[in-house]
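Student: below are the sequence and a predicted model for it; my questions follow.
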Amino acid sequence: MSTTKLFEYIDKHQNDYVAQLKEIVAIPSVSADASYRPEVNRMGEWFKAKLEKLGASTKRVDPGKQLLNGQPLQLPPVILATYGNDPAKKTILLYGHYDVQPALIEDGWATDPWVLTEDDSGRLFGRGSTDDKGPVLGWLCVIAAHQALGLEVPVNLKFCLEGMEESGSEGLEKVILQEANNYFKGTDAICISDNYWLGKSKPCLTYGLRGVSYFRILIKGPGADLHSGVHGGSIHEPMTDLIHLMSRLVLPDGTILVPGILDDVAPLTKEEEETYKNLDFSLSDYHDSVGAATTIHSSEKATLMHRWRYPALSLHGIEGAFSSPGAKTVIPSKVQGKFSIRTVPDQDPERITRIVTEHIEAEFRKLGSKNACEVECLHHGRSWKSSPDHWNYLAGAKAVKEVYGVDPDMTREGGSIPVTLTFQDALQKNVLLLPMGACDDGAHSINEKLDRKNFIQGIKLMGAYLHQVAEIK
Ligand SMILES: C[C@H](N)C(=O)N[C@@H](Cc1c[nH]cn1)C(=O)O
Ligand SMILES: [Zn+2]
Ligand SMILES: [Zn+2]
């Protein structure tokens with residue numbers, strides 16, 4: 001079938017799609033903060049209602065409770081939906097998330113993060129615009145466009161939308177295992193739009209993700225915060241212990257100091273080395289997209305390898321630290337350092353937790369501090385690699401060619417989508433990552449954006465992909 005009419009319709013109705021994106025960016029569905037949980041739920045209900053309005057049958061699955069700071073907290077629902085049930089058609093399972101990273105205007109946003117704001121260049125700024133509300137909404141726009149044109153959606157669709165992806169996808173693995181032979185039965189392949197192009201202009205298909213193991217180090221000292229003039233010099237200070245421990249995790253050149261961390265990293269083969277060639281990636285564009293020429297490695301290849309196939313340890317922050325303006329002379333009584341390790345094939349999260357914990361405990365013993373130290377892995381997700389030779393990737397590549405007129409780059413991704421491997425293993429089906437956003441979208445950062453062009457072309461790409469899937473024998 002020609003997609004010309006579909007593409008024209010999408011172009012014509014782009015303002016409507018942007019208005020819908022504005023409506024959902026306004027819901028601050030931050031999964032990391034318990035006080036926002038009602039908003040996360042509200043966001044899930046929005047997508048459920050929208051899917052129903054499009055004629056999908058839906059199901060709200062309760063993934064159970066999480067423990068947050070020792071308190072049980074209800075997890076947001078997993079929204080499942082089915083659109084079409086024709087045995088003659090292929091069935092594609094679409095996964096996405098409706099939660100977002102935290103965002104505060106005082107972090108340095110130029111505009112209100114919860115008000116989608118378009119600038120003169122067509123950049124749509126707002127938390128969740130690219131990660132992952134724009135892409136999830138894109139799939140719904142594809143269905144709506146078909147309906148408006150009186151066209152059949154050429155494949156059956158199943159949806160799995162979660163509200164905890166930005167917090168380790170807690171509860172979802174259990175749901176996927178439970179539904180693999182129930183709700184997800186009959187799935188032929190999986191497609192996820194929740195990552196980004198390598199550059200700003202060339203689309204890509206993504207066949208690998210790093211995993212993530214997220215840790216906290218808790219140091220407890222005095223019973224309450226203290227006056228540093230009165231008590232400084234006479235007690236072991238939690239912050240001093242913590243800063244020392246955090247400095248023993250990683251060097252400024254990225255070297256991870258945990259003994260044995262590289263032992264299980266898959267060796268680099270000649271075949272893999274070939275995959276780093278001829279990609280739309282330059283250090284200067286990369287510098288532009290991160291806003292500074294501060295890369296560690298001097299070549300494109302080494303930079304990509306350290307984003308895709310080697311582990312990285314990042315220090316994120318310290319809970320309990322004094323961080324307000326002014327010069328408060330306080331000794332914080334209890335501090336928690338947060339860091340994560342992006343893991344790669346063939347690293348095992350259980351082993352990572354063990355060696356990281358042993359390393360920190362050994363370093364803490366060396367301090368001779370009388371404070372208490374606890375190390376905890378808050379969540380972990382495994383790395384993932386797919387087979388890009390599958391028809392799912394062929395459909396993606398043909399769709400890219402149809403919409404953008406080029407062959408896509410085949411990429412891996414440094415970020416993590418914890419349940420990708422779970423889908424692949426539990427359903428024994430191929431997973432394709434089909435990104436919508438560009439490398440400079442600033443997901444997780446201040447001023448996150450999605451370019452209007454990427455949003456609208458991305459909706460066309462999604463539609464073209466479904467048609468290509470249907471046409472492949
Ligand atoms: C790539 C995806 N859009 C994403 O941002 N994933 C998160 C997942 C995560 C895991 N722990 C916390 N967030 C990421 O890679 O950080
Ligand atoms: Zn995401
Ligand atoms: Zn994210």
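Tutor: Thanks, I have it. Ligands and ions are numbered 1, 2, ... in the order given.

Student: so is P345 in a helix, a strand, or just coil?
Tutor: Following DSSP: H, G, I helix; E, B strand; the rest coil, P345 is assigned to coil.

Student: contacting residues around it?
Tutor: Shown in contact with P345 (Cβ atoms under 8 Å, 6 or more residues apart in numbering): G208, V265, A266, R309, S383, K385. Every residue, glycine included, has its C-beta placed from N, CA and C.

Student: I'd guessed K370 sits against E237; true?
Tutor: No. Using Cβ atoms under 8 Å, K370 makes no contact with E237, being 11.0 Å away.

Student: thinking again about what came up before, out of the contacts of P345, which comes closest to D407?
Tutor: G208 (18.5 Å; Cβ to Cβ).

Student: how about low-confidence regions in the chain?
Tutor: Applying pLDDT under 70 to the chain flags residues 1.

Student: more neighbours: which of K370 and E237?
Tutor: E237 (22 against 9; other Cβ atoms under 10 Å).

Student: which one is that one nearest to, not counting chain neighbours?
Tutor: Counting by Cβ to Cβ, 6 or more residues apart in numbering, E237 lies nearest to I331, which is 5.4 Å off, once chain neighbours are set aside.

Student: so how far is S383 from that neighbour?
Tutor: I331 sits 40 Å away from S383, going by Cβ to Cβ, to the nearest Å.

Student: neighbour count for these two, which is higher?
Tutor: Neighbour count, other Cβ under 10 Å: between I331 and S383, S383 has more, with 24 against 21.

Student: which ones are touching the residue nearest to the more buried one when sequence neighbours are not counted?
Tutor: Leaving out its chain neighbours, the residue that sits closest to S383 by Cβ to Cβ, 6+ apart is G211, at 3.9 Å. For G211, the contact set (Cβ under 8 Å, 6+ apart) comprises R342, T343, V344, Q347, P349, H380, G381, R382, S383, W384, S416, P418.

Student: mind checking which of those residues land in strands?
Tutor: Among the contacts of G211, DSSP state E puts R342, T343, H380, G381, W384 in strands.

Student: for ligand 1, state which of those residues is nearest.
Tutor: Distances from ligand 1 to the ones in strands among the contacts of G211, taken as Cβ to the nearest ligand atom, are shortest for G381 (6.2 Å).

Student: how many residues are close by the closest one?
Tutor: 25.

Student: in this structure it contacts I352, no?
Tutor: No. In this structure G381 lies outside contact range of I352 using Cβ under 8 Å: 11.5 Å.

Student: buried ones in the helix or strand that contains V142?
Tutor: Take DSSP states H and E as the rule and V142 turns out to sit in helix 134-149. Under the neighbour-count criterion of 16 or more other Cβ atoms under 10 Å, helix 134-149 has 134-146 buried.

Student: and the ones in strands among the contacts of G211 as JSON lines, adding distance to ligand 1?
Tutor: Below are the ones in strands among the contacts of G211 laid out as JSON lines (distance: Cβ to the nearest ligand atom, whole Å):
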{"residue": "R342", "distance to ligand 1": "8"}
{"residue": "T343", "distance to ligand 1": "11"}
{"residue": "H380", "distance to ligand 1": "9"}
{"residue": "G381", "distance to ligand 1": "6"}
{"residue": "W384", "distance to ligand 1": "11"}
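
Student: enumerate every residue touching the residue in the stretch 201-350 of the chain positioned nearest to ligand 2.
Tutor: Proximity of the stretch 201-350 of the chain to ligand 2 (Cβ to the ion) peaks at L209, 10.8 Å away. If you count contacts by Cβ under 8 Å, 6+ apart, L209 has them with N195, S383, W384, R412, E413, G415, S416, I417, T420, L433.

Student: so who does the first one touch?
Tutor: The neighbourhood of N195, defined by Cβ under 8 Å, 6+ apart, consists of T206, L209, E413, G415, I417, L433, P435, G437.

Student: switch the cut-off to 6 Å
Tutor: By Cβ atoms under 6 Å, 6 or more residues apart in numbering, the contact list for N195 reads T206, E413, L433, P435.

Student: ok, those vs ligand 1, which is closest?
Tutor: Using Cβ to the nearest ligand atom, the contacts of N195 come closest to ligand 1 at E413, 6.3 Å.

Student: now the closest one: how far from K277?
Tutor: E413 is 18 Å from K277, by Cβ to Cβ.

Student: who has more neighbours out of those two?
Tutor: With neighbours defined as other Cβ under 10 Å, E413 and K277 compare such that E413 has more, 22 against 8.

Student: list the beta-bridge partners for that one.
Tutor: Judged by DSSP bridges, the bridge partners of E413 are L209.

Student: with distance to ligand 2 added, can I get the contacts of G211 in TSV?
Tutor: As requested, these are exported to TSV (distance: Cβ to the ion, whole Å):
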residue	distance to ligand 2
R342	14
T343	17
V344	19
Q347	21
P349	19
H380	17
G381	12
R382	16
S383	16
W384	14
S416	9
P418	10
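
Student: can you show me the CA trace of the helix holding V142 as PDB?
Tutor: Output of helix 134-149 as PDB, limited to C-alpha atoms (Å, rounded to 0.1, in the frame of the first residue of the first chain):
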ATOM      1  CA  GLY A 134       6.500  12.000  22.300                       C
ATOM      2  CA  PRO A 135       7.300   8.500  20.900                       C
ATOM      3  CA  VAL A 136       4.500   6.700  22.800                       C
ATOM      4  CA  LEU A 137       2.000   9.300  21.600                       C
ATOM      5  CA  GLY A 138       3.400   8.800  18.100                       C
ATOM      6  CA  TRP A 139       2.000   5.200  18.000                       C
ATOM      7  CA  LEU A 140      -1.400   6.500  18.900                       C
ATOM      8  CA  CYS A 141      -1.300   9.200  16.300                       C
ATOM      9  CA  VAL A 142      -0.600   6.500  13.700                       C
ATOM     10  CA  ILE A 143      -3.700   4.600  14.600                       C
ATOM     11  CA  ALA A 144      -5.800   7.800  14.700                       C
ATOM     12  CA  ALA A 145      -4.500   8.800  11.200                       C
ATOM     13  CA  HIS A 146      -5.500   5.400   9.800                       C
ATOM     14  CA  GLN A 147      -9.000   5.700  11.200                       C
ATOM     15  CA  ALA A 148      -9.500   9.200   9.900                       C
ATOM     16  CA  LEU A 149      -8.500   8.100   6.400                       C
END
